[in-house]
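1. Any chance you could fold what I've pasted below:
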Amino acid sequence: MEELKFDAAKIFIAFAFLGLAGLLVRLYNALVLKPERLRSALRKQGITGPPPTLLLGNIWEIKKALSTTVKAPAGEIPVSHNCAALIAPFFEQWRKQYGDLFVFALGNSPKIFINEPGILREITTCTSLDFGKPSEQQKEFGPLLGQGIITSNGATWARQSKILAPEFHMEKVKGMINLIIESTTPLLNSWKSRIETEGGVADIHIDDYLRSFSGDVISRACFGSNYAQGEKIFLKLGALIGATSTSTLSTGIPGLRFLPTRSNRERWRLQKEIRSLILEVVKERQKAADHEKDFLHMVLEGAKNSNLSQEATENFIVDNCKNIY
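-> A predicted model of the protein is given here:
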């Protein structure tokens, strides 16, 4: 009996060892071999870049470059035509060192930096469904964009494009002129009032104004008479963009997006709230007798004719409403 127990223990230890060894091999392949094979293939094509570290890639170099960037004194707006050197100084440093085409890494995820117009033109005009978008994009912007038209690939992208493309035909866009005027008039009036109040000259920081204006136009185009709800969604999405941008650099670190960190919890909360708001507008629209011919109506019709499950239908609607913003 003791021998059987001993044999069972040895078998268990052997299986545990094999499982651990298999896990280590898979991790080594994912974290070391796969990225290195890709970098090796790029080196053969003459594409080099800063050497990455294990797990973090070039994240520390990026953070170091950002921390040493000279900032303007408080209240003073820097005047410079070299915006890239201020926003992404690490790209400027690497571009001078490795040329207009180089590879760097966020975590164990290699990225190619392209500053050659010919290559960019070829990429933007490529219509092959095999080209697609990087899988990391869905991981990085999943809470913000889901699997909408911006991040989807292949047949999923083709189906969504067929449904959504008619909304952006030139005649349809021309039909939004009155809608845009409705949002523009109060904006211009507020600027005019401020200029008059300050004696004919005013220093106006237009960033927030234009962001609000864009949200108002998109909300009206998307949700029609429900645009007030659309403005709430726009504000929540703005907060989600802020929460997402704080962890963009660490996206490539394996498993980090699943940990209940403060920024992750904030993203999850905003994601749920935005989904609830969009589905609430959808329910109100479905109950209404008079259906408006806006973006939301087109998305609802496309979802209804796609023979999707209830969950897939909701995901399609929510993700593409978020994508339009």
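
2. Phi first, then psi, for Ser109.
-> phi -100, psi 110 (degrees, to the nearest 10).

3. I'd like to know how many residues surround it.
-> 20 (other C-beta atoms under 10 Å). For glycine as for every other residue, the C-beta is placed from the backbone atoms N, C-alpha and C.

4. likewise the one 3 residues further on?
-> Other residues within reach of Ile112 by the criterion other C-beta under 10 Å amount to 14.

5. got it, and the one 4 residues further on?
-> Glu116 has 11 neighbours, counted by other C-beta under 10 Å.

6. Not counting its neighbours along the chain, what's nearest it?
-> Leaving aside its chain neighbours, Glu116 sits nearest to Asp100 (5.0 Å; criterion: C-beta to C-beta, 6 or more residues apart in numbering).

7. ok, now how distant is that neighbour from Ile114?
-> 7 Å (C-beta to C-beta, to the nearest Å).

8. Not counting its neighbours along the chain, what's nearest Glu273?
-> Distance criterion C-beta to C-beta, 6+ apart; nearest residue to Glu273, sequence neighbours excluded, is Lys236 at 5.7 Å.

9. which residue sits closest to Ser190 in space, ignoring its chain neighbours?
-> Per C-beta to C-beta, 6+ apart, closest to Ser190 is Tyr209, 7.7 Å.

10. I'd say the one you found and Leu188 touch.
-> No: Tyr209 is not in contact with Leu188 according to C-beta atoms under 8 Å; the separation is 10.1 Å.

11. Mind checking which of those two has more residues around it?
-> Per other C-beta under 10 Å, whichever of Tyr209 and Leu188 has more neighbours is Tyr209, with 13 against 10.

12. give me the element that one is part of.
-> Following DSSP states H and E, one finds Tyr209 within helix 206-223.

13. could I have that helix exported to PDB, CA atoms only?
-> Extracted in PDB, the C-alpha atoms of helix 206-223 (Å, rounded to 0.1, in the frame of the first residue of the first chain):
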ATOM      1  CA  ILE A 206      -9.500  76.400 -28.400                       C
ATOM      2  CA  ASP A 207      -8.600  72.800 -27.600                       C
ATOM      3  CA  ASP A 208     -11.500  72.200 -25.100                       C
ATOM      4  CA  TYR A 209     -13.900  74.200 -27.300                       C
ATOM      5  CA  LEU A 210     -13.200  72.200 -30.400                       C
ATOM      6  CA  ARG A 211     -13.300  68.900 -28.400                       C
ATOM      7  CA  SER A 212     -16.700  69.800 -27.100                       C
ATOM      8  CA  PHE A 213     -17.800  71.000 -30.600                       C
ATOM      9  CA  SER A 214     -16.700  67.700 -32.200                       C
ATOM     10  CA  GLY A 215     -18.600  65.700 -29.500                       C
ATOM     11  CA  ASP A 216     -21.800  67.800 -30.100                       C
ATOM     12  CA  VAL A 217     -21.700  67.200 -33.900                       C
ATOM     13  CA  ILE A 218     -21.000  63.500 -33.500                       C
ATOM     14  CA  SER A 219     -23.700  63.100 -30.900                       C
ATOM     15  CA  ARG A 220     -26.300  64.800 -33.100                       C
ATOM     16  CA  ALA A 221     -25.200  62.800 -36.200                       C
ATOM     17  CA  CYS A 222     -25.100  59.500 -34.200                       C
ATOM     18  CA  PHE A 223     -28.100  59.800 -31.900                       C
END
